[in-house]
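J.: Need a 3D model of the sequence below.
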Amino acid sequence: MFIRFCYSLLVTAGLICITMVPNHAYADALGIKNTLSTIEIYAEKMVDAALKKDGQALESINKNIQQSIDVLHNKLSAQAFDERRSRELLMAYSWTRIISIDIKQQAWIGVAIAANQLTASMIRVTNYPNLQKRDIEWMDYLAREILLLNMEGPKENRELLRARYTDLQSTWHRISNELIINFRNKPLVLKGDALMLHMKNTDNVANIIATAKKILVFVRKLENLQK
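T.: Next up is the predicted model:
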């Protein structure tokens, strides 16, 4: 848990937008983007499998993640060096090592938290078409993080949770400001505001977990706006 906490501190400052190299061929950029998306999807599936305590599924997903990260490493190696991008790739390898250890120890929540941190690394190195798309993905990560950290132990993760709550509120604020430009989105904005307010005003762990799950469902609706 201490190792994961140390790694987690690196993302408490929020989302860093990293632009992938725009001067390379379109096919290379698309290949990198697809690989990042694949890893993120696998990581989210890993969270679900961990919460179901499905060790066999976790082993299979973990192999897929490691293979995909190796593919990503090879793709990025052919491009100009970028310090922040390389740091995120190193973090990704670190999270997979923690995941492997936690799977062997059947530390299911630990696996889920590490997998979610892996999604954070993928989000930070993805070149999204717009800020709103990026923020929606970051909101998804934050809601899942709040859910998992509360499941693991709200007291032990108190400071980390405080940072995540603040980040969630500010991320939603940016998203809602963009959404409200279109009046048809007002019901969606009101729903999001209500969820954020409830999350902010409750200190009951069960209510926080339930609200985090509702926010994850709400994020799916936000994602549909981008399609």
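J.: Please, where are all the strands along this protein?
T.: In the chain, no strands are found when defined by DSSP state E.
J.: what bits of it have low per-residue confidence?
T.: 1-28, 227 (pLDDT under 70).
J.: so where's the longest helix in it?
T.: Secondary structure of the chain per DSSP state H: the longest helix is helix 26-51.
J.: Would you mark the buried spots in that helix?
T.: For helix 26-51, the neighbour count (16 or more other C-beta atoms under 10 Å) marks 29, 32, 35-36, 38-47, 49-50 as buried. Where C-beta positions appear, they are placed from N, C-alpha and C, glycine not excepted.
J.: what about that helix, distance to the chain center?
T.: Distance, stretch centre to chain centre, for helix 26-51: 11 Å (C-alpha atoms, centre = their mean, to the nearest Å).
J.: sorry, back to before: closest to residue 69 out of the buried residues of helix 26-51?
T.: residue 39 (6.3 Å; C-beta to C-beta).
J.: give me phi/psi at residue 81?
T.: Torsion angles at residue 81 (phi, psi; degrees, to the nearest 10) stand at phi -60, psi 130.
J.: Which residue would you name as the spatial centre of the chain?
T.: residue 141 (3.1 Å; C-alpha atoms, centre = their mean).
J.: Thought residue 118 was touching that one, still the case?
T.: No. Contact criterion C-beta atoms under 8 Å: residue 141 and residue 118 do not qualify, at 9.9 Å.
J.: what's around residue 171, how many residues?
T.: Residue 171 has 23 neighbours, counted by other C-beta atoms under 10 Å.
J.: how much space between the residue in the chain sticking out farthest from the centre and residue 169?
T.: Using C-alpha atoms, centre = their mean, the residue of the chain lying farthest from its centre is residue 183. It sits 28.9 Å away. According to C-beta to C-beta, to the nearest Å, residue 183 stands 23 Å off from residue 169.
J.: do residue 61 as well
T.: Counting by C-beta to C-beta, the gap from residue 61 to residue 169 is 31 Å.
J.: Looking at those two, which one has more neighbours?
T.: residue 61 (25 against 14).
J.: Was I right to think that one contacts residue 46?
T.: Yes. Under the criterion of C-beta under 8 Å, residue 61 makes contact with residue 46 at 4.8 Å.
J.: Just give the number of residues close to residue 210.
T.: Counted with other C-beta under 10 Å, residue 210 comes out at 14.
J.: For it, give its distance to residue 198.
T.: The gap separating residue 210 from residue 198 is 9 Å, by C-beta to C-beta.
J.: where exactly do the helices run in this protein?
T.: Taking DSSP H, the helices of the chain run over residues 2-9, 26-51, 55-77, 83-104, 108-124, 131-152, 158-179, 186-201, 205-225.
J.: Give me the angle between the fifth one and helix 131-152.
T.: Going back to what we said before, that points to helix 108-124. Here helix 108-124 points in a direction 170 degrees away from that of helix 131-152 (axes from the mean of the first three to the mean of the last three C-alpha atoms, to 10 degrees).
J.: Just list what helix 108-124 packs against, helices and strands only.
T.: For helix 108-124, the packing partners by 3 or more C-beta pairs under 8 Å, 6 or more residues apart in numbering; DSSP states H and E come out as helix 2-9, helix 26-51, helix 83-104, helix 131-152.
J.: which one of those lies closest to residue 189?
T.: So among these, helix 131-152 is nearest, using C-beta to C-beta, at 12.8 Å.
J.: buried stuff in the closest one?
T.: Here helix 131-152 shows 132-152 as buried, counting by 16+ other C-beta under 10 Å.
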